[in-house]
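> Based on what follows, work out the 3D shape:
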Amino acid sequence: MIFSKGREMFKEENIVNKFIELTKIDSESGQERAIADKLKMELLNLGLEVNEDNVADKIQNDIEGDIKDNTGNIIAKLKGSDPELPTLLLSAHMDTVKPGQDVKPVIEDGTIFSESETILGADDKAGITMILTILRELKQRKLRYGDIEVVFTVCEEEGLLGSRNLAVDKLNADYGIVYDSGEEVGTIITEGPAQTEIKIIVKGKAAHAGREPYKGIDAIKIAGTALAKVNLGKIDEETTANIGIIKGGKATNIVPDEVELVGEVRSRDEVKLEKQIQHMIEIFKDTAREYGAEVEFEIERLFSPFKLNKDLPLIQLAIDSAKELDFTPELITTRAGSDANIFNDYGIPTFNFGLGTNHGHTPDENIQIENFTKIIKYSLNIIENLNSL
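Down below sits the predicted model:
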């Protein structure tokens, strides 16, 4: 390894200031226009070729909420100093979960968090900040590196909508790194699950709840009866299932004639995933039949599983780089999805980096400042040694 701690040029203060600047830009899913424009200017100023795809036209109807600002994925390219070296993809997502408006970041004892009742947005503005700093370092240092492709996606928090509809024909990467995990620094996520969304619509029969309730078929009661029989939560070490949304009923004096349930099944094993889906379908069918009701299902595959062999050259390089910098490398699996699932599905071997963030998707979200420096050093070490692959 040729990385030298004495050669670092980036200043921690500049990294923190950039991160805080980004966290103050509201970018809840479907409302990424402001941060996208900011990042496009940042990338252009760094000398990258920058494009925005038309993914917004494809996903508008799938985004939750009424406010949508027609933002696409950002796809950028930094021309390498040596075209013979592998092309590397660096990616993070621009959107945040709610509540992510009017974030007020503060620093205390080397940790950045939000002082208000909002998330901080380290998921994934920490990843974006790291990538921007890496690009700046590559421009300033006289290093050998291949082309660097950068993708900042929209609506990752909405079922990976941005990456699932990405203009992948614009990418030529040999390998990829996604900066979007809260695991400890040194963690390399090499395996992730598939996810399928399941919508269940139970159709009963309306009736006056006071005068003649016996003429009705209670869709909510049927759904509740079925739910009591369905296996949910952690099914096994590779599989989980959840019903997260239930909508139904029109008034208190009407026997509910329809209820809609929306859930998901995740598994790293395709056979187990399909088995769980069929289990849920059969329970609801049998219960609806018992009460004389009807039931409909809408099944949508959101993303496929991925599994990278530990002998993959990029993985071995990441392990060696971690050891060089006195990190403890750990290859792990996850039950969470990320854009890494999609890039692997596109044929780009991609792992997800642990960034050392804490309590993601909550007002307690935070990140230690030192983790920025660690990940940036780690990434530069990998890039500097891609010529060994």
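> Flag every buried residue along the strand or helix carrying Leu380.
Using DSSP states H and E, Leu380 sits in helix 369-384. Neighbour-count burial for helix 369-384 flags 369, 371-384 (criterion: 16 or more other Cβ atoms under 10 Å). Just so you know, the C-beta spots here come from the backbone N, C-alpha and C atoms, and that holds for glycine as well.
> and the longest helix for this structure?
Counting by DSSP state H, the longest helix found in the chain is helix 270-291.
> circling back to that earlier point, which one of the buried residues of helix 369-384 sits closest to Asn344?
Of all the buried residues of helix 369-384, Ile382 has the smallest distance to Asn344: 17.8 Å, by Cβ to Cβ.
> Secondary structure class of the closest residue to the closest one other than its chain neighbours, three-state.
Counting by Cβ to Cβ, 6 or more residues apart in numbering, Ser321 is the residue found nearest to Ile382 once chain neighbours are left out, at 5.0 Å. Assigned state for Ser321: helix (three-state reduction, DSSP: H, G, I helix; E, B strand; the rest coil).
> just to revisit the earlier point, let me see the mean pLDDT of the helix holding Leu380.
Averaged across helix 369-384, the pLDDT comes to 96.
> Next: stretch 258-276.
Averaging pLDDT along stretch 258-276 yields 98.
> what's the offset of it from the middle of its chain?
19 Å (Cα atoms, centre = their mean, to the nearest Å).
> hmm, who's touching the lowest-mean-pLDDT helix or strand in the chain?
Least confident element among the helices and strands of the chain, by mean pLDDT, DSSP states H and E: helix 55-59 (a mean of 87). Helix 55-59 is contacted from outside by 68, 70-73, 154-155, 158, 161-162, 165-167, using Cβ atoms under 8 Å, 6 or more residues apart in numbering.
> got a markdown table for those residues, with distance to Leu143, secondary structure and neighbour count too?
Formatted as a markdown table, these follow (distance: Cβ to Cβ, whole Å; DSSP: H, G, I helix; E, B strand; the rest coil; neighbours: other Cβ atoms under 10 Å):
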| residue | distance to Leu143 | secondary structure | neighbour count |
| --- | --- | --- | --- |
| Lys68 | 41 | coil | 18 |
| Asn70 | 38 | coil | 13 |
| Thr71 | 33 | coil | 23 |
| Gly72 | 31 | coil | 23 |
| Asn73 | 27 | coil | 29 |
| Val154 | 31 | coil | 34 |
| Cys155 | 34 | coil | 28 |
| Glu158 | 37 | coil | 18 |
| Leu161 | 35 | helix | 25 |
| Gly162 | 30 | helix | 31 |
| Asn165 | 34 | coil | 22 |
| Leu166 | 28 | coil | 24 |
| Ala167 | 29 | coil | 15 |
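> gap between the residue nearest the centre of the chain and Thr240?
Taking Cα atoms, centre = their mean, the centroid of the chain lies closest to Ser338, which sits 3.7 Å from it. For Ser338, the distance to Thr240 (Cβ to Cβ, to the nearest Å) stands at 16 Å.
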